[in-house]
Structures are given as structure tokens and as C-alpha cells.
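> pasting the structure only:
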């Protein structure tokens, strides 16, 4: 999960209660019709889907609202807003559920929280919470959520009250052993069994048994493990580290109290030496699934974040939406794709800058989030809950005052595109058709190094989410084989292609893509970059074979600017003498025609200041013979010495 932050004190500037009164009025007038959009009765599973008591498909499209698990002992934001207002904002944004974290400490030793405001703009707020303990406030929040038709999933986030997950990686501690962990779940299942909305539909519909169990704990692999994990000697079911066995024990106790509840079981971090996000590795469930005493109640849960939180091994210069899809399918998506069970993305989130939401840069935060939205759109059976609502969180949807307008309209729109909310949206249909090819592609040179591309958006087939892939070439017959894929998983219908060579003609086409495949190419468009200032350059190229094996080799290049003028973009060319063929390159856009190799800069490494160089360019290739190193290189047409 994202790190939590302490809430502000209650002496904050307050505004009017008009938004609260409007939301409350709308809730009273529209409540019954909104509630109908949530399905009826308890939810249960059917294959990889979640359905209501009548068998109608529903989808968890929720948000995390944290605080009960922290030392504050209460959901955050109540220092500045009435809790009814915050719940109204959740409902107004189209979320249908709340993931509500808590600690075992707050269940067993509740206290009267101090981080609550009782006046705003001269009017009372949270008046009915004054003097109540944390658990009594949780009762009020859950009851009010139900009146708006919102469903609640309780999340055992940690044992002792505090921020983040438990560093031990286990579901228990010395003060709160497994017996208390189970008894606390029994107490909550009993406490909220009767909570229902005005139509009698239950409010609390599921239990997320433990947040982010993980095997790499405080001292090596001494945390939670999954059965069969070779790093933990097979993680036998009898072990005090075996997480799925503990989850089954807790589920048995919970389902005795309320057999209609959904049981959410998160993954670990590692399995057989393959490590990822804490709570996000469900590889072990393929051979060792969780088994519950009541059928159709199990939902597997995972968490996933971008490189800004931690640069996992799959975030690099070669990252694409397709490579991310492969990672997700390997860790948890396969469970849904194979129809084994529903999967819930219980936490995922990003900051609010546009570059953190959408980006064409490989391995970036924006690329990750945009790809995740596309993945969830193309896999509607996968459930999700965004992290987090909280305005004090850098990933927060709201601002620090918990005002009704989200900080980022772009983030709001992206989440809306995959929601299953309260406003009567139809259930998601599975995507079953390829999209049509885009029309109206145009290319216009805007400078000596940039061309602007625009095209008409396509209408997605029913149940599909469409993105766009853009190809470029200097050849008139551009195809996926001859062209360079310069942008993938685009959601917008325009693209600025930068870092180009002056007075050069470029050819483009665009494809639309959904989960069923590609549309095929649009009609071609072309443009010639404008003439640029001619500045003399001088250069030197270091070419080094760094590794070699029978039939293959790896090489690295450094481009040095030895002249008196800076270089803003570059095109490097040379010819091989022994029939070498490049199989893949990094930190450059590379093409090869016969023995001639052409490399272009990428968006982030075109500039070479005077006296400096571009490092990190490399490639792997095949060879037969002597593998002689090239002797002549040209940079932007100038022979390098």
C-alpha cells in the first residue's frame, strides 16, 4: 500500500455545508433507484465473475478510504468534512463500494478519536460522532454508506494500529496471535451481519482477510508464504508461515457466522524465487488453491503499483503495455482469464500530475497507470478498488480538505471509464470483437524535429476498451515488419512525434487495439520535417563488444560530442562487414537494411551537450565469421573520428 500520513489537526479553515445538504437531499430522493443498480442481496462468485443473488453480473468498482487502521483510529478527512459528505462524494463519483482498512487493536481496544472536527463554517458537522469510540464510529460510517447503496469490504490491514502494512509479513503478532485475528473476524462478521440498506440489501459483503502478506519479512524469508514455495522449504500447510492455510481457517470461522460473505485472499510477494509486489503474487494458487467450506465465496486479491513506489524488474526501457499485461497475467490475471476464480485488484494508484497518469515513456509511472486502466477495461471480470480516496495521500483522489471535486479531472475520467457505479450503468459485457481501423490519419510537420499526428477515434465494440498503436518509417510501404512502433496503448487520438531528423520524410499508420486483437492498419499519412539550422558537429563513437558466444554477441556504444555546438537530436549510421544482424537494441530506435544500421535517439536522449556523451546504448545480434567491429560511423551525416 502507499505510505500513510498523519492527518491535520482540527483547527483548519472550514467552508459551507451546501455540498453536504445537496448530496443528502439527492440521496433521499434518488436512493431507491440508485440502490437497484447495486444488484440484490449478497454477492457470490460464478466462475471468474461476481454476481448478485439473482445471478446478475456486478463488478467491484471501489475505493479505499483508510484511517481506522492508523493511530488516529478513524477514517481520515473527518477533521474537515462531515462523514456523510465524504460518503456522498464517493457515491457521486460512481464508486459502488468502499474498502475499509482496520487494525486488530481498534477492534479489541477501541478509543475515542481526537482527529475529528465538529464545526465547519459555523455549522455543526459529525455531531452524532462526538464521544463515540472508533468502533462505534465505524458502525455509523457503514450504516450511512449502506443508505447510499454503497457496499463495504472490511480489510484487516495490520495488527497494532499504525501506518502501512506489518513489516513481519505475517497475519499475526505477539500481542495479536492468530487466535485473536480469527476471533476479531468472527466479532466483525457478527457485528455487521444485520446492516442493510432501505431495500434490505446487505452493506458489508466481504472480508479482505489480511493486507499484503509477504514472505520477505524482518529477517529473510520469515514472513507469510504460499504452499509449495521452494524458498521456504515447500511452505507446508502445517507451518506457522503458511498463509493460504491460515486464510482457510479464518474463512471457516467467518462463514459459520455468515455463509453469504465473500472471502478475499491476497497473494504473497514471492513464489519459487519470483518476487513482486507484497500481496500481489498469486502464482502458488495455480497448484495450491484456497478451499472454502462454502462454494462460490472465494475472491483472490492482488495489489499492483508503478515504478514511482518501487522500480520492479519489469520497469525498464523495453516496457510496453504488452509486457505489463504478461507480468499481470503471470502473477494474478491468469486466475480470471482461465475462469478459475474472480480476481480483485484491491490497491492500485498514482499521483495526480498528467505525466503520472499517462505517458509514452517506457518504464514510467504514467505508462504503468495508463496500461493498468486499459487492462482493467479489457478484462471486465477483474474487480478493482482504487488507492485511495484520502486527500493527504500523494495518490489521493480528493484534496487535503476532502472537497467534492477530485484533484485531477484526468484521473477521474480514467476511473470513470472502467467503473460499475450507482448511476444505472449496465453490467460490463465481455469484449468479443476486434475494433475497426482508425480513419482520418493526418501528419503535419511543426518543426525540423517534430511531426504532429491526428486521427479519428473509433467506436469500441460492445464491452471493449480501445487503445491505439502508432507506427513510423522512412520507407513508403510502412508495415509492422518494416516500421518502428513509436507509441503503444494510447488513449488519445493525437501524438507529437519528436526527436526527428530535419528535412526527412516520415510515413505513419495507426492501429486500434482491444483485448481481441488489432484492427490492422489505417491508411498511411506522411510529412517531411522542416529545414533546421545547419551547425557543424564533431563526434567520436566508442563501439565495444561486451559479450560474445557462438553465433551471437552483445555490443555497447557511446556517442561523444567532441565539437563546439550542442547536438539536439541524432541519427547514427554504420555498416557491418561480416553480415552481422541486430536482434534487439535498447535506448535507441534501430533499423537495419542489409549491412547498414541506422539508430535514432529516443525522446529522452536526443540532446548531447558539448563535451559530453550518450551512454547506455546497446544491442544484441547474431554473427558468423570474424565479427569485425565497424570502422566508419556517421552522426547526422558527419563522419565521426
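Sure, I can see it. Computed from a prediction, not measured in an experiment: that's the story for all the values here. Numbering: from 1, shown residues only.

> From now on I want contacts and neighbour counts done on CA atoms only, so please keep to that.
OK.

> Okay, now the sheet partners of the helix or strand containing residue 489, with direction.
Per DSSP states H and E: residue 489 is located in strand 484-490. According to DSSP bridges, strand 484-490 has the following sheet partners: strand 467-473 (antiparallel).

> just how off-centre is the partner strand within its chain?
23 Å (CA atoms, centre = their mean, to the nearest Å).

> Do a quick rundown of the helices in the protein.
18-36, 83-92, 104-108, 134-147, 178-191, 243-257, 321-328, 334-337, 354-357, 365-378, 409-416 (DSSP state H).

> on contacts alone, who are the packing partners of the fifth one?
Applying 3 or more CA pairs under 8 Å, 6 or more residues apart in numbering; DSSP states H and E, one finds that helix 178-191 contacts helix 104-108, helix 243-257.

> I'd like to know which of these lies nearest to residue 266.
Nearest to residue 266, of all these, is helix 243-257, at 9.0 Å by CA to CA.

> Go ahead and confirm residue 626 touches residue 580.
No - contact between residue 626 and residue 580 fails when scored by CA atoms under 8 Å: they sit 9.8 Å apart.

> which of the two has more neighbours?
Taking neighbours as other CA atoms under 10 Å, residue 626 and residue 580 compare with residue 580 leading, 23 against 10.

> Which residues are in contact with the residue nearest to that one when sequence neighbours are not counted?
Spatial nearest neighbour of residue 580, chain neighbours left out: residue 623 (4.6 Å); criterion: CA to CA, 6 or more residues apart in numbering. Going by CA atoms under 8 Å, 6 or more residues apart in numbering, residue 623 touches 551-553, 578-581.

> can the helices of the chain go into JSON lines with extra columns for mean neighbour count, distance to residue 266 and mean pLDDT?
Converted to JSON lines, the helices of the chain look like this (neighbours: other CA atoms under 10 Å; distance: least, CA to CA, whole Å; pLDDT from 0 to 100):
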{"stretch": "helix 18-36", "mean neighbour count": "16", "distance to residue 266": "29", "mean pLDDT": "37"}
{"stretch": "helix 83-92", "mean neighbour count": "23", "distance to residue 266": "24", "mean pLDDT": "95"}
{"stretch": "helix 104-108", "mean neighbour count": "20", "distance to residue 266": "18", "mean pLDDT": "98"}
{"stretch": "helix 134-147", "mean neighbour count": "20", "distance to residue 266": "23", "mean pLDDT": "97"}
{"stretch": "helix 178-191", "mean neighbour count": "17", "distance to residue 266": "16", "mean pLDDT": "98"}
{"stretch": "helix 243-257", "mean neighbour count": "21", "distance to residue 266": "9", "mean pLDDT": "98"}
{"stretch": "helix 321-328", "mean neighbour count": "16", "distance to residue 266": "14", "mean pLDDT": "94"}
{"stretch": "helix 334-337", "mean neighbour count": "20", "distance to residue 266": "13", "mean pLDDT": "97"}
{"stretch": "helix 354-357", "mean neighbour count": "18", "distance to residue 266": "26", "mean pLDDT": "87"}
{"stretch": "helix 365-378", "mean neighbour count": "24", "distance to residue 266": "18", "mean pLDDT": "93"}
{"stretch": "helix 409-416", "mean neighbour count": "16", "distance to residue 266": "22", "mean pLDDT": "87"}
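
> could you pull out the strands for the stretch 351-500 of the chain?
Ranges of strands in the stretch 351-500 of the chain, per DSSP state E, counting those that start in this stretch, are 383-386, 439-445, 451-456, 467-473, 484-490, 494-497.

> mind showing which ranges of the stretch 201-350 of the chain have poor pLDDT?
Nowhere does the stretch 201-350 of the chain drop to pLDDT under 70.

> Tell me which stretches of it form strands.
204-208, 262-266, 270-271, 274-275, 298-303, 343-347.

> Now mean neighbour count and distance to residue 442 too, for those strands, in CSV please.
Formatted as CSV, the strands of the stretch 201-350 of the chain follow (neighbours: other CA atoms under 10 Å; distance: least, CA to CA, whole Å):
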stretch, mean neighbour count, distance to residue 442
strand 204-208, 24, 50
strand 262-266, 28, 47
strand 270-271, 26, 47
strand 274-275, 15, 44
strand 298-303, 27, 40
strand 343-347, 26, 38
